[in-house]
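*Asks:* What follows is a predicted protein model with its sequence.
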Amino acid sequence: MTEASLSPVVQAMLRPEFYPHPVQGEVELLQTHVSYVFLTGDYVYKVKKPVNYGFLDFSDLPKRQHFCHEELRLNKRGAADLYLEVVSIGQSGDTFTLGSGEPVEYAVKMKQFPQSALLSEMFDRGEVTTGTMVDLAKVVARFHAKSDSNDHIRTYGTVEKIRQAFDENYEQSAGFVAMLPNGGPQTQKQFDETKAYSDRIFAENADLFVDRVKADKIRECHGDAHLRNIAMWNGAITLFDCIEFNEPFRFVDTMYDLGFICMDLDARKRPDLANALLNAYLEQTGDWEGLQVLPLYLSRQAYVRAKVTSFLLGDPSVPDAVKQDAANTAADYYKLSWEYTAPKTGKLIVMAGLSGSGKSTTAKQLAQKHNAIHLRSDAVRKHLGGISVEERGDATLYTPEMTQKTYDRLLSLGKTLVETGYTVILDAKYDRVALRAGAIAAGATILHCDAPAEVLTARVAARTGDIADATPEVLAQQTMEAFTEAERSSVKTIDTTQDIEAQLKSLGF
């Protein structure tokens, strides 16, 4: 697009002298289908295009002004230091001025950060780690905890409202079934089975959605959380560019938001990172019940990415080579969406051993290898006690009654999630025959982690930054009831002073 074909306002904003502050070099213009983005060095200005796509309407100036203020308001939640203000662009004759004159346009002013700070760019450089995912999980959990919810927002959690978006996706993508000469981007089988899956969930599991509303999990979320909308800026993970223009895209289940990031990682062939993010988020929030609806949202987010990419295939202005790339990308997303819907067989694994025995270290390795849900008794206990997982528990958290409640909750969650198709790891001492009985009755395999007493003591003494409260003094009071003859067929033992991965492999894990 040449400068001459741009509107006079956009042409004016491309000139460094337009701005009341220094501009580093030339003004760089980036475009999306809905925005002009002007990079000036220290600041970014985002102007909304006068378009109406049905789900988004920026067609007149009052609407663009309104949604600029909405963008500022909503993004202050996750990126308060990044989003600065809404500025007017005035016109006097042929002259356009920032912040004065009769407004003819509005822009959101932000601080500029390098593209290299995006998590998507960091991922491509191999800089996104399990630790990054744990930190991101904490940021997302805090974001959701502070996000609004009210009677109006909760109406978007009904099956009718949620299903509407799914049905629109299928209607808008039906024409992309095997539309190209060489097939794809989606097969009829994938289309039919993906749709049948969501239809079945809505028809047979309406109670799940009622429960999500009752649990206050329908909130004013981000709505577009993926690695390109997350940055490591000023040493902190920052969520930006949330959905401001469409309530149904923003008033969603918290699992919708989390699912978008997990799907993005799965699509990038890093399910281990997605698993680390998921388990860390669940540990922070205690929202393990949300796992029952997560597969639906994972499939939905992949399907939307496929559908949007497919739209290029019907555009006559798009070159054939670009269309083929788009077809390949869309095909990958359609396949991923379909794979999320496949029935899965759940499995229950129980870690057992004293504090410091390496249960959690082993469980984390297992979880990332098998995409399992890692349920730590430390987290479950603290959520039952109504305190943060980072907070140290007092004596009331460790009474026999609270211990029994913790183990009951672990087993109940484990059984529910296994029925849903998850591999679940229950991570607790399981130091008593009575505590192990329910898990064994549920068909669990017990992994007994063991190490010499002096190793256990040294490990517990060296712990930092972990949610476990055990101290060497607590460890000294612990004993392990021997496994009974009836239990031994369900027990496999690991010496955690040796190569854990090799032992897991030899035991069939």
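*Replies:* On my side now, so go ahead.
*Asks:* Kindly list the main-chain dihedrals of the closest residue to A352 other than its chain neighbours?
*Replies:* Nearest residue to A352 in three dimensions, chain neighbours excluded: Y430, at 3.9 Å (Cβ to Cβ, 6 or more residues apart in numbering). C-beta coordinates here come from the backbone N, C-alpha and C atoms, glycine included. As for Y430, its main-chain torsions (degrees, to the nearest 10) stand at phi 40, psi 50.
*Asks:* Tell me how many other residues surround Y430.
*Replies:* With neighbours defined by other Cβ atoms under 10 Å, the count for Y430 comes to 25.
*Asks:* got it, and G126?
*Replies:* For G126, the neighbour count with other Cβ under 10 Å is 7.
*Asks:* Please apply the same query to E419.
*Replies:* Neighbours around E419, by other Cβ under 10 Å: 10.
*Asks:* so which strand or helix has it?
*Replies:* Assigned by DSSP states H and E, E419 belongs to helix 400-420.
*Asks:* Just the CA coordinates for that helix, please, in CSV.
*Replies:* Below are the C-alpha coordinates for helix 400-420, written out as CSV (Å, rounded to 0.1, in the frame of the first residue of the first chain):
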residue,chain,number,x,y,z
PRO,A,400,-6.0,-35.2,61.7
GLU,A,401,-9.4,-33.9,60.5
MET,A,402,-7.8,-31.6,58.0
THR,A,403,-5.5,-34.3,56.8
GLN,A,404,-8.4,-36.6,56.2
LYS,A,405,-10.3,-33.9,54.3
THR,A,406,-7.2,-33.3,52.2
TYR,A,407,-6.9,-37.0,51.2
ASP,A,408,-10.6,-37.3,50.6
ARG,A,409,-10.4,-34.3,48.3
LEU,A,410,-7.4,-35.7,46.5
LEU,A,411,-9.1,-39.0,45.8
SER,A,412,-12.4,-37.4,44.8
LEU,A,413,-10.7,-35.1,42.3
GLY,A,414,-8.5,-38.0,41.1
LYS,A,415,-11.5,-40.2,40.4
THR,A,416,-13.5,-37.5,38.7
LEU,A,417,-10.7,-36.4,36.4
VAL,A,418,-9.8,-40.0,35.5
GLU,A,419,-13.4,-40.5,34.4
THR,A,420,-13.0,-37.4,32.2
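*Asks:* Which neighbouring elements make contact with it?
*Replies:* Helices and strands touching helix 400-420, by 3 or more Cβ pairs under 8 Å, 6 or more residues apart in numbering; DSSP states H and E, are strand 347-352, strand 373-376, helix 377-384, strand 423-427, helix 433-441.
*Asks:* between the ones you listed, which one is nearest to V134?
*Replies:* strand 373-376 (12.1 Å; Cβ to Cβ).
*Asks:* Test my guess that the residue nearest to A352 contacts C449.
*Replies:* No - using Cβ atoms under 8 Å, Y430 makes no contact with C449, being 10.4 Å away.
*Asks:* Quick check: neighbours shared by the two?
*Replies:* In terms of Cβ atoms under 8 Å, 6 or more residues apart in numbering, Y430 and C449 are both contacted by the residues M351, A352, G353.
*Asks:* Now the phi/psi pair for the last one, please.
*Replies:* Backbone dihedrals for G353, given as degrees, to the nearest 10, come out at phi 150, psi 160.
*Asks:* for it, what are its contacts?
*Replies:* So G353 contacts K359, K429, Y430, H448, C449, D450, M480 (Cβ under 8 Å, 6+ apart).
*Asks:* ok, now how distant is the second one from E160?
*Replies:* By that I understand K429. With distances taken as Cβ to Cβ, to the nearest Å, K429 is found 46 Å from E160.
*Asks:* which of the two has more neighbours?
*Replies:* K429 (19 against 11).
*Asks:* Which secondary structure state does that one sit in?
*Replies:* Secondary structure assignment for K429 (DSSP: H, G, I helix; E, B strand; the rest coil): coil.
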